[in-house]
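In: got a sequence here, can you build the structure:
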Amino acid sequence: MYLTNEEEKMLKGYHGPGVQKAMEILVAIGDLYDAEKMIPISSAHMAGNYGPLRDEGVEWLEEFAETGASTKVFTTVNPQSFDFDLYKEMGVPENFRKIQLRIDGALRKLGVKLFYTCQQFLVGNLPKKGEHIAWAASESEIFANSVLGAMTNREGDHSALAAAVTGKTPEYGMHLPENRIGNILVDVTELNIEKLTQTDYAAMGYYVGKIVGDKIPVFVGLPKNISLQNLQALAYPLPVSGAVPMFHLVGITPEAPTLEAAFGGGKPEDKIKVTASNIKEVYEESCRTDEGKVDLVIFGCPHCTLQEIEEIATMLTGRKVCNGVKLWVCTSKATKAIAERMGYGDTLRRAGGMLVADTCPSGGPYAYLKEKGIHVVVTNSLKAAYYAYGLFGMGTIFASTKDCVEAAVKGRWED
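Out: Predicted coordinates:
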């Protein structure tokens, strides 16, 4: 792989051992994928949660931070396992809190901006169409590629951090225009689009991801005024049930102004239709418990927007969460601050719920909640349901926001 003089100096240690290690990682990845050269990036995004890092990852991160390396581009971080301001109320064990503090300290030393959100594009990490970036986490990759028109592969924590401290990434995969062309035509015109809920969009994404695998789907029939919430709901499950790196919505997303453009002037490899029965099947298969009792109702994967927090708070106004049931609404620290200013946090607390920042329902809290008797989780996030069940063995129910709130109030799940 061709390296510039500056990149060669990084590799040889002229800029310190941290940058050298980072460049070694990137060169190894580039060689693996036959990349011809490195390219500059404008931003990075990585994970900072003890769950996926584990002890070895935390130690590696701390050692890397001690090398003196620091980020060269604007770099944000995914949610962690809890809200530092509410760790006691959330039941976080002290040893868990201390480990997360170590991660926090290492990231701060490296210059990572500690937003702890999967919606980094709402807090300043907003690349333009055509910009090369290095974002870890499948939901970040697919949203950046598809909705923003930026260019990134699905980075791991090590490769994202390596890119952040060098400002470079190997040119392969989704950084090449020819790899961003659609493969599969997805026809949703049989659906009653106007009546689709946010969770219906998520079920659609999950179903399509399972069918297309690692191909790039091109959707026709969706409304041009599709909301941000519905865009995210559609996007985030695609790489959960499949390995979809991006999608196109004809006439909506940046690289698909027309059907012809979405397919690069070619023809689709295959065509699929999405029907109401396909969506219903996803709801049914995502119910993975025989228990009627509910332990935790959790929202916020992706992190709740202000509109979603308002919606949940309105549904709970004058009502009470059933005794013994936890209700958490997860969001970013920035959005939480505005939600508190608007009084939504007070409404949630009066109902017996909590507005929590910096954590996420897709896996963060279950490691410690399971030890406290939490076994059945109700959520409006398919990704959260998938990982709560698959990684932590929780019983899960995927349902609409309204049905989730009803389950919290009644303390039981009723079909």
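In: and the next element down the chain from the helix or strand of the chain with the lowest mean pLDDT?
Out: Lowest on mean pLDDT, DSSP states H and E among the helices and strands of the chain sits helix 366-369, with a mean of 86. Later in the chain than helix 366-369, the nearest helix or strand by DSSP states H and E is strand 376-379.
In: for Val321, which non-adjacent residue is closest in space?
Out: Residue nearest to Val321 in three dimensions, not counting chain neighbours: Gly352, with 3.6 Å by Cβ to Cβ, 6 or more residues apart in numbering. The C-beta positions use only the backbone N, C-alpha and C, and glycine is treated the same way.
In: for Ile298, what are its contacts?
Out: Counting by Cβ atoms under 8 Å, 6 or more residues apart in numbering, Ile298 makes contact with 326-330, 361, 365, 377-379, 381, 384.
In: least confident pick among the residues you listed?
Out: pLDDT across those is lowest for Pro365, at 87.
In: thought that one was touching Met90?
Out: Yes. Under the criterion of Cβ atoms under 8 Å, Pro365 makes contact with Met90 at 6.9 Å.
In: which residues do these two both contact?
Out: Counting by Cβ under 8 Å, 6+ apart, the shared contacts of Pro365 and Met90 are 82, 328, 359.
In: top of these by neighbour count?
Out: Counting by other Cβ atoms under 10 Å, Thr359 has the largest number of neighbours within these, with 29 neighbours.
In: now do the strands in the stretch 251-400 of the chain.
Out: Secondary structure of the stretch 251-400 of the chain (DSSP state E, counting those that start in this stretch): strands located at 270-273, 296-299, 326-331, 354-357, 376-379, 395-398.
In: now the helix or strand that the last one is followed by: buried residues?
Out: The helix or strand immediately downstream of strand 395-398 is helix 401-410, counting by DSSP H and E. By neighbour count, with 16 or more other Cβ atoms under 10 Å as the criterion, the buried positions of helix 401-410 are 401, 403-409.
In: packing partners of helix 401-410?
Out: Counting contacts by 3 or more Cβ pairs under 8 Å, 6 or more residues apart in numbering; DSSP states H and E, helix 401-410 packs against strand 296-299, helix 306-316, strand 376-379.
In: can you list those in JSON lines and add distance to Gln229?
Out: Listed next are the helices and strands packed on helix 401-410 as JSON lines, based on distance: least, Cβ to Cβ, whole Å:
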{"stretch": "strand 296-299", "distance to Gln229": "12"}
{"stretch": "helix 306-316", "distance to Gln229": "6"}
{"stretch": "strand 376-379", "distance to Gln229": "15"}
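In: which of these sits closest to Pro127?
Out: Among the helices and strands packed on helix 401-410, helix 306-316 comes nearest to Pro127, with 22.7 Å by Cβ to Cβ.
In: what is that closest one packed up against?
Out: Secondary-structure packing of helix 306-316 (3+ Cβ pairs under 8 Å, 6+ apart): strand 326-331, helix 333-342, helix 344-351, helix 401-410.
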